[in-house]
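> Turn this into a structure:
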Amino acid sequence: MAFNGAGVYAAPSNSWNPAVAGTVISETDWATLLADLSTALTLCITKDGQSTTSGTIPFATAINSTLVTDSTSIGTGAIRTAGGLGVTKALWVGGLANVAGAVTLQSTLAVTGATTLSAALTYGGVTLTNAVTGTGKMVLDTSPTLVSPALGTPSSGLLTNCTGLPVAGGGTGRATLTANYVLLGDGTTAVQMIAPSTSGNVLKSNGTTWASGAGGASTPDVQTFSASGTWTKPSGGQTWARVQVWGAGGGAGRSGTTSGGMGGAGGAYNEVWVPLSYLGSTETVTVGTGGAGRSSSAGTGTIGGNSSFVLTSYPGGSKTMYAYGGGAGGSDYSTAAGNVIGGGQLSAGGLDSGVLTTGRPRQTGDQGDGAIQTATAIMWGGGNVIVQNIVAPGETVYGGAAGGFMVTSTAVSGGQSVWGGNGGNGHATAPTAGTIPGGGGGGGGVNVNGASGGDGKIIVISY
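This is a model prediction of the structure:
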């Protein structure tokens, strides 16, 4: 046997082995030795590659080849095999690794240089092609970090922990959103957030953007003044104000002749609608006092007091709106000018209630049409007396109505007003005062005191 199974050659023992001096060597033993040597050499790997191994060659150390050129195909390189390459330990490739077929790894593959696959690579049951897009590192399924990836159109995804999503991509541009805030677009920059602010606020537009502001008032604010005082601006979100002003009614006259005293004229009415911003935080309110009826002696009563309301913040400067008091009643009915009814200042009752040359008394002020316009306000006149075929005080819509009177033994009731005060009734012994706001006082009989006019009034309703 040429080798002992462990790779050790032992020559056959005969007359040739071991050689002994003086011993005759058999020719048969020589032939046996040569045959054994021939067999042993046949089992060896030839240097020039003439022989092919018939079994696995166990190398105790590395295979060290002096070939220094790169492999360019499966027919070149220091190690070539027509079958598969089985590696049970780590495989290190110091240069370019070209794999034309499948690679099965039983353990770790460590590559210090580039690895080029000319065919598909199957890993964990997943086949990876050599068609590569992009640059960079391999991506694994747990917590990978991607730098500027183009994801295309994913069929699904969860963006719970994503940050930095731009507005142009459908994001908000903010890392966090404050609870209960309203989002407001701001072009391609991060969205704005509007705080709820005060309870009851609403979103309001200023024509350019939106902001949290006081909402409309749930109920109007009504402040009524029967005497002078101070108006206070409400804070319930109202934006407009309606200011209604009535002047006081005039007092009735006292007669000393056979005819009774005349009733007082009704107070004027004035109204304005303005933005609440035209009014200051507080405003001065002046309510006219009803004109006193004539007493003690024959003569006219007292003119009713004027009412006024100040608009401090009116554009161009502070303005005061007025409603003038009604004129005083005359001492008795006659054809003499001024004895029918006293004229109100500027408007109420008319300035001249005397008798025209045609014999018909003037009607200026009756039915509330004695209105005039001044630089600061529009006013509606109070009621006057109509004496035409019948004797009756005028009626009004807004201003106070005129008071009734006595003509000899006939008592005439006071005029009626839709929104103002009614005139007091004429009576021989007990005429009545005009009602609030702005009703003229009623006239009495001979030597009977005239009744007073009703006080003025101011109502401010904020909506």
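
> okay, now the domains of the chain?
Domain assignment of the chain by automatic domain parsing yields the ranges 1-39, 213-463.

> Include mean pLDDT, mean neighbour count and distance to Trp92 when you put these into CSV, please.
C-beta coordinates here come from the backbone N, C-alpha and C atoms, glycine included. Output for the domains of the chain, formatted as CSV (pLDDT from 0 to 100; neighbours: other Cβ atoms under 10 Å; distance: least, Cβ to Cβ, whole Å):
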stretch, mean pLDDT, mean neighbour count, distance to Trp92
domain 1-39, 86, 12, 27
domain 213-463, 77, 25, 74
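
> what sits against Thr289?
248, 304-305, 455-456 (Cβ atoms under 8 Å, 6 or more residues apart in numbering).

> Please identify which of the domains of the chain is closest to Gly83.
Closest approach to Gly83 among the domains of the chain (Cβ to Cβ): domain 1-39, 23.1 Å.

> how far out from the middle of the chain is the closest one?
How far domain 1-39 lies from its chain's middle: 109 Å, per Cα atoms, centre = their mean, to the nearest Å.

> Also stretch 239-257?
49 Å.

> Make residue 1 into 416 and carry on from there
In the new numbering, first residue 416, that becomes stretch 654-672.

> End to end on that stretch, go ahead and measure it.
Chord length of stretch 654-672, first to last residue, is 57 Å (Cα to Cα, to the nearest Å).

> where's Ser453, which helix or strand?
helix 442-457 (DSSP states H and E).

> can you dump the C-alpha coordinates of that helix into CSV?
Taking Å, rounded to 0.1, in the frame of the first residue of the first chain, the C-alpha atoms of helix 442-457 are listed here in CSV:
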residue,chain,number,x,y,z
GLU,A,442,14.3,-9.1,-8.2
THR,A,443,10.7,-9.8,-7.2
ASP,A,444,11.1,-7.4,-4.2
TRP,A,445,12.5,-4.8,-6.6
ALA,A,446,9.5,-5.1,-8.9
THR,A,447,7.1,-4.8,-5.9
LEU,A,448,8.9,-1.7,-4.7
LEU,A,449,8.7,0.0,-8.1
ALA,A,450,5.0,-0.9,-8.4
ASP,A,451,4.3,0.6,-5.0
LEU,A,452,6.2,3.8,-5.8
SER,A,453,4.3,4.1,-9.1
THR,A,454,1.0,3.8,-7.4
ALA,A,455,2.0,6.4,-4.8
LEU,A,456,3.1,8.9,-7.4
THR,A,457,-0.1,8.4,-9.3
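
> returning to what we had before: I'd like the domains of the chain written out as a markdown table, with distance to Met608 added.
Shown next, in a markdown table, are the domains of the chain (distance: least, Cβ to Cβ, whole Å):
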| stretch | distance to Met608 |
| --- | --- |
| domain 416-454 | 84 |
| domain 628-878 | 16 |
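
> Please determine how far Ile491 is located from Trp507.
Ile isn't right for residue 491; it's Thr. 20 Å (Cβ to Cβ, to the nearest Å).

> of the domains of the chain, which approaches Leu555 most closely?
domain 416-454 (46.0 Å).

> Now do the same contact list for the most centrally placed residue in the chain.
Geometric centre of the chain, nearest residue: Leu618, 4.3 Å, by Cα atoms, centre = their mean. Residues counted as contacts of Leu618 (Cβ under 8 Å, 6+ apart) are 597, 609, 625-628.

> These in strands, which ones?
In strands, defined here by DSSP state E, the members of the contacts of Leu618 are 597, 609, 625-628.

> so Ser430 sits right up against Thr447, yeah?
No: under the criterion of Cβ atoms under 8 Å, Ser430 makes no contact with Thr447, lying 9.8 Å away.

> which residues touch the strand or helix carrying Ala656?
Counting by DSSP H and E, the element that carries Ala656 is strand 655-661. With contact meaning Cβ under 8 Å, 6+ apart, strand 655-661 is reached by 682-691, 693-694, 722-724, 726, 736-738, 814-815, 835-836, 852-853, 871-878.

> Tell me the strands beside that strand, with direction?
Note on strand 655-661: by DSSP bridges, its sheet partners are strand 684-690 (antiparallel), strand 872-877 (antiparallel).

> Asn419: which of those is closest?
That would be strand 684-690 among the strands paired with strand 655-661, by Cβ to Cβ, at 120.2 Å.

> and the helix or strand encompassing Trp646, what does it pack onto?
Using DSSP H and E, Trp646 maps to strand 644-647. Here strand 644-647 touches strand 636-640, strand 697-701, going by 3 or more Cβ pairs under 8 Å, 6 or more residues apart in numbering; DSSP states H and E.

> Kindly reformat the ones you listed as CSV containing distance to Gly819.
Formatted as CSV, the helices and strands packed on strand 644-647 follow (distance: least, Cβ to Cβ, whole Å):
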stretch, distance to Gly819
strand 636-640, 27
strand 697-701, 28
